[in-house]
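Trainee: Starting from these lines, generate the structure:
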Amino acid sequence: MSTDVDIEKDPLLVLLTDALRAGPGSPQWHEAVNKLKTSTEPIDEYRLLLEAREALESGRDYRTVRAGPGFTRKLMTHLEQAKQQGAGSSKRLSTPTIIVILSAVVVATVIGLLVWQLLPREQVNPVSNPKAIDDLAASYFSNDVLSANFADAIPMGWLKIGSLPVDSADGLRAGAVEQVQPGNYAGGGIVAPDPIAADQAFAFQVSLRVASPGDDLTPQIFVSNSPDFSQDRATGAQELVWWLRGRNQKVVVNGNVERQSALGERGHAVNIRIVMNKDLAIVEADNQRLWAGPHHLGNKPRYLGIRFIRTAGQNLGDLSFQSVRVSKR
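Mentor: Below you'll find the model as predicted:
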């Protein structure tokens with residue numbers, strides 16, 4: 001029996017090998033049998049079957065897949081392209097990663113805002129336009145439109161406000177009042193007869209005598225944008241206020257304390273001056289600037305006044321307003 005037969009080059013052997021692999025009864029088996037029966041060439045069927053059987057038993061490769069021309073180059077090119085695409089896609093952030101980053105930014109922002117709100121800050125109002133403040137401070141107000149001296153009596157036309165009585169006896173003073181309930185307070189004062197237009201610049205100057213300061217009776221000088229004052233406390237909804245309690249003076253703007261400082265030791269008289277135009281205001285005490293900035297009173301007329309605030313304690317001190325003067329340009 002020849003051993004030089006190449007099973008991969010003889011079609012009939014290939015057909016028989018497939019039939020033997022599939023086994024009797026398979027389509028490959030029937031195809032091989034029909035091929036042998038119909039062949040016109042002289043074929044030794046037994047020899048062919050034996051050679052096919054020997055080829056299978058010898059373990060030789062059958063229909064081995066081999067790489068064609070240029071296969072290695074094409075494979076390496078494809079792998080390099082896949083590597084580049086993978087590197088590009090790794091640089092793009094996935095949706096879950098973007099969500100995590102945005103969530104971290106939001107949390108950090110919220111924490112930052114909370115810290116900013118809780119940290120103590122100096123109570124000084126920032127001046128957004130220093131030149132405008134300097135121009136207002138340099139203004140000269142030579143036209144006196146209102147002047148009052150409280151040595152004898154309250155001048156005609158001034159309006160009394162609040163539940164705390166005031167009278168003039170060696171200056172404007174707080175009168176007697178029934179005991180104020182703890183945690184509450186009463187206020188009373190007077191308001192100038194005529195308001196000043198919002199676009200009119202003016203200077204409001206008040207002389208206050210402080211024989212002895214008190215914590216339970218405190219004087220205030222105010223500019224309000226409304227003639228409506230509470231009946232019990234004599235306060236308005238939106239005001240600029242200079243306020244003395246004990247020896248601590250404050251500037252209150254729209255309900256917020258913007259500046260605090262100790263009262264100077266220059267004697268018993270304190271001269272308070274409020275200079276104001278349409279948008280800005282300056283508050284001074286004894287020619288020292290306490291605060292300057294936007295007053296937030298809007299485009300409403302200005303109502304000028306002085307008042308006392310009384311609390312439940314008995315440390316009333318000895319305080320009296322001596323005079324007021326209002327000047328325009």
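Trainee: any weak-confidence spans in the stretch 151-300 of the chain?
Mentor: Where the stretch 151-300 of the chain drops to pLDDT under 70, the residues are 265-267.
Trainee: try it again with 90
Mentor: Residues of the stretch 151-300 of the chain meeting the criterion pLDDT under 90: 151-156, 167-170, 175-185, 211-216, 246-247, 254-255, 261-269.
Trainee: can you pull out the helices in it?
Mentor: Counting by DSSP state H, counting those that start in this stretch, the stretch 151-300 of the chain yields no residue ranges for helices.
Trainee: What is the burial count for Ala203?
Mentor: Ala203: 21 surrounding residues under other C-beta atoms under 10 Å. Every residue, glycine included, has its C-beta placed from N, CA and C.
Trainee: Correct me if wrong: it contacts Arg273.
Mentor: Yes - here Ala203 reaches Arg273: they are 6.3 Å apart, a contact under C-beta atoms under 8 Å.
Trainee: Next one, pLDDT for Thr64 please.
Mentor: Predicted confidence (pLDDT) for Thr64: 45.
Trainee: Quickly list the domain ranges of the chain.
Mentor: 11-57, 130-328 (automatic domain parsing).
Trainee: out of those, deepest packed?
Mentor: domain 130-328 (a mean of 17; mean count of other C-beta atoms under 10 Å).
Trainee: measure it end to end?
Mentor: With C-alpha to C-alpha, to the nearest Å as the measure, domain 130-328 spans 22 Å from end to end.
Trainee: How far off centre is that domain?
Mentor: Distance of domain 130-328 from the chain centroid (C-alpha atoms, centre = their mean, to the nearest Å) equals 35 Å.
Trainee: how long is stretch 297-305 end to end?
Mentor: End-to-end distance of stretch 297-305: 15 Å, with C-alpha to C-alpha as the criterion.
Trainee: again with stretch 309-317
Mentor: End-to-end distance of stretch 309-317 (C-alpha to C-alpha): 12 Å.
Trainee: Phi and psi next, for the spatially most central residue of the chain.
Mentor: By C-alpha atoms, centre = their mean, the chain has its centre lying nearest to Leu113, at 5.8 Å. Main-chain dihedrals, Leu113, degrees, to the nearest 10: phi -70, psi -40.
Trainee: Roughly how far does it sit from Leu136?
Mentor: Distance from Leu113 to Leu136, counting by C-beta to C-beta, to the nearest Å: 33 Å.
Trainee: OK, contacts around Ile272?
Mentor: Counting by C-beta atoms under 8 Å, 6 or more residues apart in numbering, Ile272 touches Gln205, Val206, Ser207, Leu208, Ile221, Trp242, Val283, Glu284, Ala285.
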